[in-house]
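Colleague: Predicted model and sequence below, questions to follow.
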Amino acid sequence: MPTYFSRSLLLALAGAMSLAAAPSALAADGFFLIGYGARQKALAGAGVADSRDAMALSVNPAGIVGLERQFQSGMTAAIGDRGYSTAGLTRVVAPGDVRSGRPLFPIPNSGYVHPIDADSAWSFVSYANGGLNTAYSFGNFKAPLGGPFGGGFAGADLQQSFMSLGYARRFATGIGSISIGVAPTIAVQMINIQGLKLFSPYSSNMYKLSDMAYDWSGGGGLRVGLEWRITDQLRLAVAGATPMFMTKFGKYAGLIVNGGSFDIPASLQAGLAYDLLPNLTIMADWRHIFYSAVPALGNPANPVTIGSLGTANGPGFDWKDTNSAAFGVEWRATDDLTLRSGYHYSTSPLRARSVLVNVLAPVLHKHHIGGGLNYRVTNNSSIDFATVYVFKNSFTGVEALPQSARLPFGGVNPAASITLFTRAVEFTLGYNYKYDAGDNSWIPTHF
């Protein structure tokens, strides 16, 4: 294996490990971010058919073919407002207008692309998902210990990090060319759930239910992609990822379905890109995420019966699959300045019957707008900036009641409703470096 490959891989792995502590974010389809890195953020998640930077592997492995040798590093700061409000007389959850703490989350990303020849390349990226994060204080009082569920401080924090090493090759066809890419992916996730002590009668293992600190899970899967360059102006692409098959969260075996099983859902994305002008590109994408196929997410949230939590067919978050559409435009205004903008719409995974459990995870993002720019500082170095605004969205449902002597099969509180809400803004800053043609050095000799 060439020395430059070894060094590149080692540095990429070192950068990726920093993602192990990447907190959850808020501009997302469920807890899948709408994009990774400043360019994807500015385009609001569009661009599966238009890869131009070192984070291309994170959305479409086929897109790395034809890119210059380059690396990128970036950081997103997400600021979110989320929580719930109640109407009527609640019986399970604390009443009132209850807002989550921890509004600021940093999320790093990094990527490297290395062309092998004119028709093939390899790449490495590290990135993170998020969106499932809440922190409710004791002051949101529910007897006997405070917090929204009466078990004290409550919240959920799910963090997911990914490291992908990919290869892609381009083939000539009768019409244009087709590139195919594959990226084996390692995933690491950790979770912390607090404030559910009062649900111990409903757990299959009350000692592994709540307040067990962070637990880790590891695993992986495969990301693949195809890009068809029909003409010099028009490109079509499709990319997807298998489920990330993960080890169990053993500390929460009495809460999460099947003794702590929590795989990361599969996803599928397709789109097109068209160059209206040599320096002006429009993009349109669609994405589907298979949340319902993961039992911890897709199992019905109700009924919650004695000893049911943590069992193979136990209650989950009751999420539906999501669909999203993204539209982006990139204007390479000058040799030094590129401007980008985009809009993203996502369906909600939530159901009205399951808002109670989703107080811990109010992931109901719908409308997003993004914008940003790339500015070339030197011949080799450029700076990216992006911002995404997530418009406030709310979702109202019924308060479900667990099994009791009066309700042997659980039920619904007809005297109360719960409304979840969220909104957010993100800022992303990135640095890009492109090597000179023929430069095989690892550490840049000039910027």
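Modeller: Here it is on my side, so go on.

Colleague: quick one: the helices in the chain?
Modeller: Ranges of helices within the chain are 3-17, 38-42, 257-260, 295-298, based on DSSP state H.

Colleague: Let's see the third one as PDB, backbone CA atoms only.
Modeller: What follows is the C-alpha trace of helix 257-260 in PDB, where atoms were taken according to Å, rounded to 0.1, in the frame of the first residue of the first chain:
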ATOM      1  CA  VAL A 257     -36.900  -3.000  22.400                       C
ATOM      2  CA  ASN A 258     -35.400  -6.500  22.400                       C
ATOM      3  CA  GLY A 259     -33.000  -5.900  25.300                       C
ATOM      4  CA  GLY A 260     -31.400  -2.700  24.000                       C
END
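
Colleague: Which neighbouring elements make contact with it?
Modeller: When contacts are defined as 3 or more C-beta pairs under 8 Å, 6 or more residues apart in numbering; DSSP states H and E, helix 257-260 packs onto helix 295-298. (C-beta placed from N, C-alpha, C; glycine too.)

Colleague: Repeat the analysis, applying 6 Å as the threshold.
Modeller: With contacts taken as 3 or more C-beta pairs under 6 Å, 6 or more residues apart in numbering; DSSP states H and E, helix 257-260 sits against no other helix or strand.

Colleague: Where among the helices of the chain is average confidence lowest?
Modeller: The weakest mean pLDDT among the helices of the chain belongs to helix 3-17, with a mean of 36.

Colleague: low-scoring stretches of this protein, by residue?
Modeller: 1-26, 130-132, 140-141, 143 (pLDDT under 70).

Colleague: Kindly recompute the last result at 80.
Modeller: 1-27, 102-105, 130-133, 138-146, 405 (pLDDT under 80).

Colleague: Just checking: what are the partner strands of the strand ranked longest in the chain?
Modeller: If you go by DSSP state E, the chain has its longest strand at strand 411-434. Next to strand 411-434 in the sheet, as set by DSSP bridges, lie strand 70-88 (antiparallel), strand 381-401 (antiparallel).

Colleague: Any idea how far the longest one is from the middle of the chain?
Modeller: For strand 381-401, the gap between its own C-alpha mean and the chain's C-alpha mean amounts to 12 Å (C-alpha atoms, centre = their mean, to the nearest Å).

Colleague: Repeat that for the first one.
Modeller: In terms of C-alpha atoms, centre = their mean, the gap separating the centre of strand 70-88 from the centre of its chain is 11 Å.

Colleague: ok, now stretch 432-447?
Modeller: 31 Å.

Colleague: Then stretch 209-221?
Modeller: 17 Å.

Colleague: same deal with stretch 300-309?
Modeller: Worked out by C-alpha atoms, centre = their mean, stretch 300-309 lies 27 Å from the chain centre.

Colleague: Please identify the buried residues of it?
Modeller: Using 16 or more other C-beta atoms under 10 Å as the test for burial, stretch 300-309 gives Ala301, Asn302, Pro303, Val304, Thr305, Ser308, Leu309.

Colleague: Surely the second one touches Leu401?
Modeller: No. With contact taken as C-beta atoms under 6 Å, Asn302 and Leu401 are classed as non-touching, separated by 8.6 Å.

Colleague: joint contacts of these two?
Modeller: Residues touching both Asn302 and Leu401 (C-beta atoms under 6 Å, 6 or more residues apart in numbering): Gly410.

Colleague: how about stretch 267-278: buried residues?
Modeller: By 16+ other C-beta under 10 Å, the buried positions in stretch 267-278 come out as Ser267, Gln269, Ala270, Gly271, Leu272, Ala273, Tyr274, Asp275.

Colleague: May I see these organised as TSV, with distance to Phe153 added?
Modeller: Formatted as TSV, those follow (distance: C-beta to C-beta, whole Å):
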residue	distance to Phe153
Ser267	33
Gln269	38
Ala270	43
Gly271	42
Leu272	47
Ala273	47
Tyr274	51
Asp275	53
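
Colleague: So which of these sit within strands?
Modeller: Using DSSP E, these in strands are Ser267, Gln269, Ala270, Gly271, Leu272, Ala273, Tyr274, Asp275.

Colleague: dump the residue contacts of the fourth one.
Modeller: Each residue near Gly271 by C-beta under 6 Å, 6+ apart is listed here: Val48, Ala49, Ala237, Ala284, Asp285.

Colleague: Which pair of these spans the longest distance?
Modeller: Spatially, the most separated pair among the contacts of Gly271 is Ala237 and Ala284, at 11.1 Å (C-beta to C-beta).

Colleague: Of these two, give the one with the bigger neighbour count.
Modeller: Ala237 (26 against 17; other C-beta atoms under 10 Å).
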